[in-house]
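Undergrad: Fold the following, please.
(one chain, ligands or ions: 1)
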Amino acid sequence: MGFFDKLKEGLSKARDNFFGGIKTLFAGRTLDDEVLEELEEILIMSDMGYETANKILTELKIRYKKDEVEDPLILLRDIMTENLEKENFEENPNKKPYVIFVVGVNGSGKTTTIAKISKKYVSAGKSVVLAAADTFRAAAIEQLKHWGNKVGATVIAHEHGSDAAAVVYDSLAHAKAKNKDVVIIDTAGRLHTKSNLMEELKKIKRVIEKEIPGGSDETILVLDGTTGQNGIQQALAFKEAVDITSVVVTKLDGTAKGGIAFSINNQLNIPIKMIGVGEREDDLQMFEPKNYVNALLGVEE
Ligand SMILES: Nc1nc2c(ncn2[C@@H]2O[C@H](COP(=O)(O)OP(=O)(O)OP(=O)(O)O)[C@@H](O)[C@H]2O)c(=O)[nH]1
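TA: Here you go, the predicted structure:
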């Protein structure tokens, strides 16, 4: 299956329940008040947030009149796509070691994401170090070792319960000493309290900044796409603690809504890097706004 077909299959719940209805709604009709009202309802229900839905509608009304478009669905597709486009920060993959700091609550899909990113680098001939800095959950270290073995990355781990920042320090020292290309840092998704977790992440950030000029190259937040507005609140807390550079949204196959991507872009103002649309490893794809919107709306192009 090609990646667009996978994306389409993964987003079928969101398309069947919300966005796909727009195609039927628009079919053979002009965009009168009745149609626009129904569209507004669909957009708001999809989890994209009231403000974003209104922004898209306003733009649609203006451009529909001005551009004299033939197919309003394509115009809507373009406006939704523009709404998701956000310039990604500049990656400098030749910097050594290139440091990727990964955060997110337990179960969001952090491990799957780290495995996928590691594999990408190893396949490109780069040496990868994985830092097992989730020392709180016993199984997390084993899980990371398993993935390290599978993809061919070195895993630096201490004992369960040890200081997470020390694991990060050792991983960076190892990478520098052995001239490794990439360091990916796995972190805890839960500690005794939320403030403990944020303090631990800040401490790790300080260690990275001390050891690597300019700090981490990327700080990725992994977010479960089925959590809706709760997930956005969660993301704000992480953003405040560690300056997120991009978001990976997982489990989009498990949501009937799918508007969360728009909320991330607009409410959090952070670009989306990848999306997960299934449990298999190759279901985590680079995020392409136009493909995403085409798959949601059922537009073939
Ligand atoms: N349906 C679906 N499941 C996913 C996706 N991404 C991850 N999962 C599943 O979600 C579960 C949690 O993923 P992990 O990668 O283990 O998550 P984690 O954040 O590392 O969680 P902990 O190990 O608990 O910290 C696993 O069962 C994954 O297979 C996705 O895009 N779609």
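Undergrad: only C-alpha atoms for contact and neighbour calcs from this point on.
TA: Will do.
Undergrad: Now name the helix or strand holding the most centrally placed residue in the chain.
TA: The chain has Val248 as the residue nearest its centroid, 1.4 Å off, counting by Cα atoms, centre = their mean. For Val248, the enclosing helix or strand under DSSP states H and E is strand 246-250.
Undergrad: Relative to the whole chain's centre, how far out is that strand?
TA: Remark: strand 246-250 is offset 1 Å from the chain centroid, using Cα atoms, centre = their mean, to the nearest Å.
Undergrad: Mind checking if that strand is in reach of the ligand?
TA: Yes - applying Cα under 6 Å from any ligand atom, one finds strand 246-250 in contact with the ligand at Thr250.
Undergrad: which secondary structure elements does that strand contact?
TA: Here strand 246-250 touches strand 218-224, strand 272-276, going by 3 or more Cα pairs under 8 Å, 6 or more residues apart in numbering; DSSP states H and E.
Undergrad: Output these in CSV; the columns should cover mean neighbour count, mean pLDDT and distance to Lys95.
TA: Below are these laid out as CSV (neighbours: other Cα atoms under 10 Å; pLDDT from 0 to 100; distance: least, Cα to Cα, whole Å):
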stretch, mean neighbour count, mean pLDDT, distance to Lys95
strand 218-224, 25, 96, 12
strand 272-276, 24, 94, 19
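Undergrad: Tell me what Thr154 is bridged to.
TA: Val129 (DSSP bridges).
Undergrad: mind checking the SS state of the nearest residue to Ile156 once chain neighbours are set aside?
TA: Take Ile156 and drop its neighbours on the chain: the residue closest to it by Cα to Cα, 6 or more residues apart in numbering is Ala131, 5.1 Å away. Following DSSP: H, G, I helix; E, B strand; the rest coil, the label given to Ala131 is strand.
Undergrad: residues contacting Ala131?
TA: Val155, Ile156, Ala157, Val167, Val168, Ser171, Val183, Ile184, Ile185, Asp186 (Cα atoms under 8 Å, 6 or more residues apart in numbering).
Undergrad: can you tell me how far it sits from Gly109?
TA: With distances taken as Cα to Cα, to the nearest Å, Ala131 is found 17 Å from Gly109.
Undergrad: What of Ala157?
TA: Ala157 sits 20 Å away from Gly109, going by Cα to Cα.
Undergrad: One more: Asp224?
TA: For Asp224 relative to Gly109 (Cα to Cα), the value is 7 Å.
Undergrad: list the residues that contact both of those two?
TA: Joint contacts of Asp224 and Gly109 (Cα under 8 Å, 6+ apart) are Thr250.
Undergrad: sorry, back to before: among the helices and strands packed on strand 246-250, which is nearest Gln234?
TA: Distance to Gln234, taken as Cα to Cα, is lowest for strand 218-224 among those, at 8.7 Å.
Undergrad: Quick one: list the elements packing against the closest one.
TA: The contact analysis (3+ Cα pairs under 8 Å, 6+ apart) places strand 218-224 against strand 98-103, helix 228-242, strand 246-250.
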